[in-house]
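below are the sequence and a predicted model; questions follow.
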Amino acid sequence: MNDGTRPDLVLAFDFGRRRIGVASGNLHTRTASPIAALVRSGDLPWPKLDAIVAEWRPDRLIVGVPEGSSGPTSIAGEAKAFAAALAKRYGLPVETVDETLTSAAAAADLAEGRRSGRIRRRTRKEHIDERAACLIAEQWMNQRA
């Protein structure tokens, strides 16, 4: 299959009302790397999402959905709607994973990195969103192992 996508790559999204964390997942190395935290001002940042998908050419998209939240107006409902919009816009397979507590885990991860000296810069909310997207990609890859 040569449809221009990279079969070894996925993009993962940590959907939020203020920011969307984006990370790449490499299926060969089973590692994830942060790409960006896209700021939302009401509408979805489609031009930035379009640019990222075009540049990375993923084989599929992964969206984190906090399964502990329910109802159509919940963040889970919004994340599922975002996943459906991605599928429609890009024509790529979109899967969801439970991302309950990934932001908290990402914040703890980054705080530990600061304490140990591994991370020198101050942790900002954007870094947490990017790291949460990495955790979503890693969780999805681990579930497929």
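Happy to help now that I have it.

I'd say residue 130 and residue 32 touch.
No - Residue 130 sits out of contact with residue 32 when judged by Cβ atoms under 8 Å, with a separation of 9.8 Å. (Glycine included, C-beta is placed from N, CA and C.)

now list whatever residues contact both of these two.
Contact criterion Cβ atoms under 8 Å, 6 or more residues apart in numbering; residues shared by residue 130 and residue 32: residue 23.

mind checking which helix or strand of the chain has the lowest mean pLDDT?
Taking mean pLDDT, DSSP states H and E as the measure, the helices and strands of the chain show their lowest mean at helix 102-116, namely a mean of 56.

after that helix, which helix or strand is next? Please name it.
The C-terminal neighbour of helix 102-116 among helices and strands, as given by DSSP states H and E, is helix 125-144.

which residues sit against that next one?
The set of residues that contact helix 125-144 without belonging to it, under Cβ under 8 Å, 6+ apart, is 10-14, 16, 18-25, 27, 30-37, 62-64, 95, 97, 99, 102-103, 105-107, 109-110.

buried sites along that helix?
By neighbour count, and taking 16 or more other Cβ atoms under 10 Å as the criterion, the buried residues in helix 125-144 are 127-141.
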